[in-house]
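K.L.:
Provided below are the primary sequence and the corresponding predicted coordinates.
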Amino acid sequence: MDPFAPPVAAPTAGPLTGAETTLSAETLGAIARTVEERVVARLDAWRRDELDEHVLRLVERRLEEETERRSWRRGSEVF
């Protein structure tokens, strides 16, 4: 399938005009680039946000473990 071929119009209730059925290769290319840029930007933002959350959870867990370990060291009890 040629990505720059005019789209095949789905059946509609009214007649189609030429503007609805033909797009130039440049227009389709521009639309494809715009969509790609938006999708990539959104995916990058999503990955960055997920990574930040994961790192924060990891740091919090390690801090809790270290706090617990230090509290056991301070006690004078023998286990």
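P.N.:
Received it, and whenever you're ready, just let me know what you need.

K.L.:
State the distance from residue 71 to residue 65.
P.N.:
11 Å (CB to CB, to the nearest Å). Any C-beta I mention is one placed from the backbone N, CA and C, and that applies to glycine too.

K.L.:
got the contact list for stretch 49-63?
P.N.:
For stretch 49-63, contacts defined as CB atoms under 8 Å, 6 or more residues apart in numbering pick out no residues.

K.L.:
residues of it that come out buried?
P.N.:
The neighbour-count check on stretch 49-63 (16 or more other CB atoms under 10 Å) flags nothing as buried.

K.L.:
Identify the contacts common to residue 71 and residue 65.
P.N.:
With contacts taken as CB under 8 Å, 6+ apart, residue 71 and residue 65 have no neighbour in common.

K.L.:
following the helix or strand of the chain with the lowest mean pLDDT, which helix or strand comes up?
P.N.:
Counting by mean pLDDT, DSSP states H and E, the weakest-scoring helix or strand in the chain turns out to be helix 18-21, with a mean of 57. For helix 18-21, the following helix or strand on the C-terminal side (DSSP states H and E) is helix 25-74.

K.L.:
Could I get the average pLDDT for that next one?
P.N.:
Here helix 25-74 scores 88 as its mean pLDDT.

K.L.:
Restrict stretch 69-76 to CA atoms and write it as CSV.
P.N.:
The C-alpha coordinates for stretch 69-76 follow below in CSV (Å, rounded to 0.1, in the frame of the first residue of the first chain):
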residue,chain,number,x,y,z
ARG,A,69,18.5,-1.1,59.7
ARG,A,70,19.8,1.9,61.7
SER,A,71,17.1,1.6,64.3
TRP,A,72,18.0,-2.1,64.9
ARG,A,73,21.7,-1.0,65.4
ARG,A,74,20.8,1.6,68.0
GLY,A,75,19.0,-0.8,70.2
SER,A,76,21.0,-2.4,73.0
